Structure formats: structure tokens, C-alpha cells
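Peer 1: Fold the following, please.
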Amino acid sequence: MHTIKYVHWHEDDSWFGYLEEYPDYWTQGDTLADLVEHLKDLYLDLSGGHIPGARKVGELVMP
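Peer 2: Next up, the predicted model:
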């Protein structure tokens, strides 16, 4: 098991969020728990290569 960071917020009657590693791909839910389930599905789609050309955040290590 590993941890995936996500960003979320509540606006009007919906919860919105995205995976920190894939900030271009947002999803939403009716509750925070619903949003988390959508984020899990989104992660599986993105990490499994089911979304062609998915952009991902990388990290550089500089000397």
C-alpha cells in the first residue's frame, strides 16, 4: 500500500479535487467520501495508462 496526495475543497454543494501528481485532471463528488472514491478510480485510470497523453508532475533534483 502506498499514499497518494490529493487536493480537495468544498464549493456550494459539491466536493472537488485532483491528485497532486496529476493536477490537470479534476473530479468531484457529492460528499468527501464520494470524492475520494472518484479520486481512487481516477488514479487507477491515469496510472494504468487508460488516459492517453496524461500529463504528470515530475521533480528535478538539482546539485
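Peer 1: so what's the backbone phi/psi at residue 27?
Peer 2: phi -140, psi 170 (degrees, to the nearest 10).
Peer 1: show me what contacts it?
Peer 2: Residue 27 makes contacts with 16-18, 35, 38-39, 41-42, as judged by Cβ atoms under 8 Å, 6 or more residues apart in numbering. (Each C-beta comes from the backbone N, C-alpha and C, glycine too.)
Peer 1: Let's see that with 10 Å instead.
Peer 2: Going by Cβ atoms under 10 Å, 6 or more residues apart in numbering, residue 27 touches 6, 8, 15-19, 34-42.
Peer 1: Could I get the pLDDT score of the residue nearest to the spatial centre of the chain?
Peer 2: Residue closest to the mean C-alpha point of the chain, counted by Cα atoms, centre = their mean, is residue 19 at 2.3 Å. The per-residue pLDDT reported for residue 19 equals 97.
Peer 1: That one reaches residue 4, doesn't it?
Peer 2: Yes: using Cβ atoms under 10 Å, residue 19 is in contact with residue 4, at 6.1 Å.
Peer 1: in stretch 20-37, what counts as buried?
Peer 2: Buried residues in stretch 20-37, counted by 16 or more other Cβ atoms under 10 Å: 21-22, 25, 27, 29, 35-36.
Peer 1: So which of those residues sit within strands?
Peer 2: 22, 25, 27, 29 (DSSP state E).
Peer 1: List just the nearest of those to residue 47.
Peer 2: residue 22 (8.8 Å; Cβ to Cβ).
Peer 1: ok, the nearest residue to that closest one once chain neighbours are set aside - contacts?
Peer 2: Leaving aside its chain neighbours, residue 22 sits nearest to residue 46 (5.2 Å; criterion: Cβ to Cβ, 6 or more residues apart in numbering). By Cβ under 10 Å, 6+ apart, the contact list for residue 46 reads 19, 21-22, 24-25, 54-56.
Peer 1: Brilliant, that's me finished.
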